[in-house]
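Undergrad: Give me coordinates for this.
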Amino acid sequence: MRNIARACVVCAVVAVVFAPAPARADGYVNPWIGADGVDSNADGSLAFGVTTGYMGAGVFGFEADFGYSPNFFGLDDQFDRTHGVTLFGDAIFGIPIGGTHGAGIRPFVTGGLGLIRTHSELEAVELSRTNNLFGYEAGVGMMGFFSDHIGLRGDLRYFRSLQDQDFGSGFDFNPGKLHFWRVSGGVTFR
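TA: Numbers count the residues shown, from 1 in each chain. Sure thing, here's the model as predicted:
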């Protein structure tokens, strides 16, 4: 009887030690700052925003990305004002190197659909136009964590509208589909 009890205890200990760990979602928030360039000749303009999401078992997940650029077309001066807003829902795929907890890195690819909103105005002639464009984006990046809860994230994304821009009659300084790159980086909290 005693041998059966010992065997049961040994089996229970072995089962607990070798039992797989439950998969947990890995949520994160990433405020970022970066630059985007609408025109290949532009130097880039300041952009900032926040990306938040989660990754199930640390590999596949979804995120929401919000960005704001106060000088979107690079034309701001005393006569011209422009700004742009992006809001996208993305799928994200990354491979955690070092695990999903503690220190480690996670290269990733992301892509999704969303809204690109631009606003332009010429104060001298009191002309303004706002465009709401449906578009897509794709990007690559890396998250690196120092501990369970804090790390850094950087990414490069390409945005493109599915519709042509419309600036109204007589105001067509950048016709066609809007497309631009954004590079960003920030602190990540999980």
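Undergrad: who's in contact with Leu87?
TA: The contact partners of Leu87, by Cβ atoms under 8 Å, 6 or more residues apart in numbering, come to 64-67, 114-115, 117. All C-beta spots, glycine's among them, are computed from the backbone N, C-alpha and C.
Undergrad: And those, which is closest to Phe108?
TA: Closest to Phe108 out of the contacts of Leu87 is Asp65 (12.7 Å), distances taken as Cβ to Cβ.
Undergrad: one step back: among the contacts of Leu87, who's most crowded?
TA: In terms of neighbour count, Asp65 stands highest of these at 26 neighbours, by other Cβ atoms under 10 Å.
Undergrad: Would you mark the buried spots in stretch 136-149?
TA: Going by neighbour count (16 or more other Cβ atoms under 10 Å), the buried part of stretch 136-149 is 136-137, 139, 141-145.
Undergrad: what sits against Asp90?
TA: Residues in contact with Asp90 (Cβ under 8 Å, 6+ apart) are 53, 62-65, 110-112, 137.
Undergrad: for the residues you listed, which one is nearest Thr188?
TA: Nearest to Thr188 among those is Gly53, at 10.4 Å by Cβ to Cβ.
Undergrad: Can you tell me the number of residues neighbouring the closest one?
TA: By other Cβ under 10 Å, the residues close to Gly53 number 20.
Undergrad: chain center to the helix or strand that contains Ala138: distance?
TA: Using DSSP states H and E, Ala138 sits within strand 127-145. With Cα atoms, centre = their mean, to the nearest Å as the basis, strand 127-145 stands 9 Å off its chain's centre.
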